[in-house]
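Below: sequence and its predicted model.
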Amino acid sequence: MDVIESLNKTIRDILDFPVKGIVFKDITPLLSDIKLYNSVIDIMAEQYKDRKITKVAGLESRGFIFGISLAQKLGVPFVPIRKKGKLPYKTISAEYCLEYGTACIEVHTDAISESDNVLIVDDLLATGGTSSAAVELVKKLKGNVIACVFLIELLFLSGRSKLKDIEVFSILKY
């Protein structure tokens, strides 16, 4: 069985979570299969091993799961991008729209510099709001966004369109 087929059998759909009408893609079974998880990291790393990545930035919280392992595999530092109020040092922030309001993410002001080539990682690309805010943060710090990488992309939500000129790579597309 290939990796894509294994992932499709491993990731489970949870109906009506967190609210009625949503089909949640639950990645926790993947985390119980170290061989499959390592295959995911290998696929992500293979895409960017020759792109002179200097930092991997992961989005809270599931982006940390993949981002830290990917940073380690690429031999570069990891940068956490967190929800507002969770980082202890000086931060910059970016707001993004949700269907019911706005949210905000932050990064430390010294986490990224103008010489950095940054790979942004999250588990899922849905509407693109969080990812586009992360791109904004990297650009505010004068970093170069090489790409946004996801385990899963929900094509019907068109999140890729919010990332405009940013390269997007996703392993699974639904």
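Perfect, I can see it now.

residue ranges with poor pLDDT in this structure?
Where the chain drops to pLDDT under 70, the residues are 99.

Please name every helix or strand in contact with the biggest helix by length in the chain.
As assigned by DSSP state H, the longest helix anywhere in the chain is helix 34-48. Contacts defined by 3 or more C-beta pairs under 8 Å, 6 or more residues apart in numbering; DSSP states H and E place helix 34-48 against helix 3-10, helix 28-31, helix 62-74, strand 144-153, strand 168-173. All C-beta spots, glycine's among them, are computed from the backbone N, C-alpha and C.

let's see 6 Å
Applying 3 or more C-beta pairs under 6 Å, 6 or more residues apart in numbering; DSSP states H and E, we find helix 34-48 packed against helix 62-74.

List the buried residues in whichever helix or strand comes after the helix it packs on.
Next along the chain after helix 62-74, taking DSSP states H and E as the criterion, comes strand 78-83. By neighbour count on 16 or more other C-beta atoms under 10 Å, the buried set for strand 78-83 is 78-82.

ok so, going back, what angle separates the longest helix of the chain from strand 168-173?
With axes from the mean of the first three to the mean of the last three C-alpha atoms, to 10 degrees applied, the angle from helix 34-48 to strand 168-173 works out at 150 degrees.

Go through the buried residues of strand 78-83 and say which is closest to Gly129.
Proximity of these to Gly129 (C-beta to C-beta) peaks at Ile81, which lies at 13.1 Å.
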